[in-house]
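> A structural model of the following input is requested.
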Amino acid sequence: MKIHIDEAKCVGGGQCVLAAPDVFDQRDDDGIAFLLIENPGAELDEQVREAARLCPALAIEVDER
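Okay, here's the model as predicted:
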């Protein structure tokens, strides 16, 4: 699994951080999300999928390959 965040779409809602705190964080200055781990292990797959589903701006893309 590979993850991409479109920072231009991100509205800083923080749902990704709540759903997958080991994978996502937010910048202090503007709240835009960033990745802590670009290619997380399989044990985090469901959390990452949930984060993408919860994103209010649909800024998270998950490549399952």
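> Just to check, Glu64 is in contact with Asn39?
No. Using C-beta atoms under 8 Å as the test, Glu64 is too far from Asn39 to be in contact (12.0 Å). Any C-beta I mention is one placed from the backbone N, CA and C, and that applies to glycine too.
> quick one, what contacts Ala20?
40, 44, 47-48, 50-51 (C-beta atoms under 8 Å, 6 or more residues apart in numbering).
> what pLDDT does it get?
Note on Ala20: pLDDT of 98.
> Spatially nearest residue to it, not counting backbone neighbours?
Using C-beta to C-beta, 6 or more residues apart in numbering and skipping the chain neighbours, the partner closest in space to Ala20 is Gln47 (3.8 Å).
> Which parts of the protein are helices?
Ranges of helices in the chain, per DSSP state H, are 15-19, 45-54.
> now the contacts of Ala20 as JSON lines including pLDDT and distance to Lys2?
Putting the contacts of Ala20 into JSON lines (pLDDT from 0 to 100; distance: C-beta to C-beta, whole Å) gives the following:
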{"residue": "Pro40", "pLDDT": "92", "distance to Lys2": "9"}
{"residue": "Leu44", "pLDDT": "96", "distance to Lys2": "12"}
{"residue": "Gln47", "pLDDT": "97", "distance to Lys2": "15"}
{"residue": "Val48", "pLDDT": "97", "distance to Lys2": "10"}
{"residue": "Glu50", "pLDDT": "98", "distance to Lys2": "17"}
{"residue": "Ala51", "pLDDT": "98", "distance to Lys2": "14"}
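> The residues you listed, buried ones only, as a ChimeraX selection?
In ChimeraX, this line selects whichever of those come out buried by 16 or more other C-beta atoms under 10 Å:
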select :40,44,47,48,51
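> ok, Ala52 touching Ile60?
Yes. Counting by C-beta under 8 Å, Ala52 does reach Ile60; the two are 4.2 Å apart.
> could you pull out the strands for the protein?
Ranges of strands in the chain, per DSSP state E, are 2-5, 24-26, 33-35, 60-63.
> Let me know which of the ones you listed is the nearest to Val11.
Across the strands of the chain, Val11 has its closest neighbour in strand 33-35 (9.4 Å, C-beta to C-beta).
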